[in-house]
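Q: I need the structure of the sequence given here:
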Amino acid sequence: MVVNGRIRAVYCFTMILAASRKKSICFSLSSDSDAIYEAIQELYDDLGGVTLELLIDNPKSLVIENNPKNEDEVRYNPQALILAAHLGTELNACNCYWPRTKGKIEKPYQYIEEQFIKGNTFSSMEELNKRGKGFIKEWNSLVHSTTKRIPDEFFENEEIKALLPLPQSRFRIKSLEKRIISNDSFVHINSNKYSVPVKYATKQILFRIVYGFKIELYTNESQYIMSLEVKDGRDGTYKDPSHYEAIEVKASKSIPQIKRDFTSTFKNGEAYLRAATDIFQQPSYHARKILELLDLYEPEVLDKIIGYAIDNEKLDIKSIKLLIKNDFFKIMDSNGETSKIADITDVEGITRSCDYYEGNQEVTSL
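A: Numbers count the residues shown, from 1 in each chain. The predicted structure follows:
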């Protein structure tokens with residue numbers, strides 16, 4: 001298949017409920033034990049429950065020996081048996097060299113290839129999986145040629161009652177690996193660097209790679225954080241600007257944009273700029289500094305401060321900050337009563353959030 005502009009060998013995992021014929025699907029770049037066990041769990045999640053029995057083929061990750069020429073019982077992979085116990089289902093290996101046993105699950109592949117794969121390209125494995133699941137969802141809403149019923153309706157009205165509940169956690173063969181997030185909020189995995197939200201900077205996190213393309217990040221308590229897609233090549237750096245929004249400077253450095261932001265944010269904005277133009281060589285400098293105070297105060301509060309500053313010719317940023325610092329400036333409300341700035345400001349927003357420093361054990365003295 002063509003994924004991200006190059007031809008890739010992609011593995012398709014599917015599951016089908018025998019009665020309703022409701023199907024689920026996922027795609028992977030690997031077909032090892034990790035991928036197969038993860039796919040079984042993901043497909044059950046998509047179906048909304050666990051069946052009492054799971055009819056399977058005979059890959060080594062599931063079945064060690066299934067010899068039709070003797071009467072020995074099927075030998076299952078011990079890890080597969082642990083997975084089955086975790087899910088609450090029982091494994092039932094198909095008879096070798098007996099294709100009729102697997103007809104329900106093998107026949108749909110022809111339709112998937114003809115109606116979904118052929119002629120399509122995908123920008124990423126994530127997009128392939130998203131569109132694949134959408135394709136199956138639409139297919140589940142069509143009348144099945146054998147049952148003459150709609151799989152989704154059959155499932156919701158009857159079959160769902162026979163399913164077991166999904167387990168609360170995922171079964172994993174391997175332990176999660178550890179990484180320390182860098183000071184600039186990057187995680188280094190397999191020679192590439194990926195940005196993560198800045199609140200995890202300097203912290204230790206856990207990760208695993210699923211399906212050969214998806215990096216899943218977890219806290220030390222194994223709580224899911226997010227997933228990233230493995231990038232091709234080596235020594236790359238991949239930064240998502242949204243991960244740095246908590247610490248970005250919100251005031252523009254462009255003078256025209258500063259003026260637009262200032263006048264659109266504050267009712268007294270235009271009056272301030274007119275007055276400041278007669279006093280300062282760079283009125284936009286002071287306007288930008290006032291805009292930066294939006295990290296600490298609500299716009300309505302700052303707007304009243306700006307109005308007071310205009311009336312009292314205290315337009316420079318130092319004077320405005322001094323008023324706030326000394327806390328003697330009072331604002332009159334509609335009832336004629338006055339309040340201190342600190343009393344009318346959102347307490348939770350009075351200081352900039354520093355939760356992204358949580359867990360940083362190192363303290364530097366300046």
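Q: please make it C-alpha for all contacts and neighbour counts, starting now.
A: Will do.
Q: give the next helix or strand downstream of the helix or strand hosting residue 209.
A: Assessed by DSSP states H and E, residue 209 sits inside strand 204-210. Scanning forward in sequence from strand 204-210 by DSSP H and E, the next helix or strand is strand 214-218.
Q: right, and residue 13 touches residue 37 too?
A: No: using C-alpha atoms under 8 Å, residue 13 makes no contact with residue 37, being 10.7 Å away.
Q: show me what contacts residue 309?
A: 315, 320 (C-alpha atoms under 8 Å, 6 or more residues apart in numbering).
Q: rerun at 10 Å
A: 272, 303, 315-317, 319-320, 323 (C-alpha atoms under 10 Å, 6 or more residues apart in numbering).
Q: quick one: pLDDT of residue 182?
A: At residue 182, the pLDDT value in this model is 95.
Q: if I take the strand holding residue 209 and strand 214-218, what angle do their directions form?
A: Orientation check (axes from the mean of the first three to the mean of the last three C-alpha atoms, to 10 degrees): strand 204-210 against strand 214-218 gives 150 degrees.
Q: paired strands for strand 204-210, with orientation please.
A: strand 177-180 (antiparallel), strand 214-218 (antiparallel) (DSSP bridges).
Q: mind listing the helices for this protein?
A: Using DSSP state H, the helices of the chain run over residues 33-47, 78-87, 103-112, 125-139, 151-157, 255-265, 269-277, 283-292, 299-311, 317-326, 341-344.
Q: next, the angle helix 125-139 makes with the third one.
A: What that stands for is helix 103-112. Using the same axes, to 10 degrees: helix 103-112 against helix 125-139 is 110 degrees.
Q: helices and strands around helix 103-112, which ones?
A: Judged by 3 or more C-alpha pairs under 10 Å, 6 or more residues apart in numbering; DSSP states H and E, helix 103-112 is in contact with strand 11-16, strand 23-28, helix 125-139.
Q: before we move on, what about the second one?
A: Using 3+ C-alpha pairs under 10 Å, 6+ apart as the contact criterion, the secondary-structure elements in contact with helix 78-87 are helix 33-47, strand 63-65, strand 90-93.
Q: show me which residues of the second one are buried.
A: Within strand 63-65, the residues that qualify as buried by neighbour count (16 or more other C-alpha atoms under 10 Å) are 63, 65.
Q: that one pairs with which strands, parallel or anti?
A: strand 75-76 (antiparallel).
Q: other residues contacting the partner strand?
A: 58-67, 91-93.
Q: center of the chain, which residue is that?
A: residue 226 (4.4 Å; C-alpha atoms, centre = their mean).
Q: residue contacts, the closest residue to that residue other than its chain neighbours?
A: Using C-alpha to C-alpha, 6 or more residues apart in numbering and skipping the chain neighbours, the partner closest in space to residue 226 is residue 217 (5.5 Å). If you count contacts by C-alpha under 10 Å, 6+ apart, residue 217 has them with 176-179, 187, 196, 205-209, 223-228.
Q: partner residues bridging residue 217?
A: Beta-bridge partners, per DSSP bridges, of residue 217: residue 207, residue 226.
Q: pLDDT at it, what is it?
A: With respect to pLDDT, residue 217 has a value of 96.
Q: domains for the protein, by residue range?
A: Listed by automatic domain parsing, the domain ranges of the chain are 2-162, 177-244, 255-349.
Q: and residue 104, how far from residue 150?
A: Going from residue 104 to residue 150 by C-alpha to C-alpha, to the nearest Å gives 16 Å.
Q: who has more neighbours out of these two?
A: residue 150 (18 against 14; other C-alpha atoms under 10 Å).
Q: how far away is the more buried one from residue 139?
A: Taken as C-alpha to C-alpha, the span from residue 150 to residue 139 is 9 Å.
Q: can you list residues touching both of the two?
A: Joint contacts of residue 150 and residue 139 (C-alpha under 10 Å, 6+ apart) are residue 22.
Q: which of the helices and strands packed on helix 103-112 is buried the deepest?
A: Among those, ranked by average contacts under mean count of other C-alpha atoms under 10 Å, first place goes to strand 23-28 (a mean of 23).
Q: CA atoms of that strand as PDB?
A: The C-alpha coordinates for strand 23-28 follow below in PDB (Å, rounded to 0.1, in the frame of the first residue of the first chain):
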ATOM      1  CA  LYS A  23     -16.900  -6.700  11.800                       C
ATOM      2  CA  SER A  24     -14.000  -4.700  13.100                       C
ATOM      3  CA  ILE A  25     -10.600  -3.900  11.600                       C
ATOM      4  CA  CYS A  26      -7.100  -2.500  12.200                       C
ATOM      5  CA  PHE A  27      -3.900  -2.100  10.300                       C
ATOM      6  CA  SER A  28      -0.300  -2.700  11.400                       C
END
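Q: and it, what does it pack against?
A: strand 11-16, helix 33-47, helix 103-112, helix 125-139.
Q: between the contacts of strand 75-76, which sits nearest residue 44?
A: residue 91 (14.0 Å; C-alpha to C-alpha).
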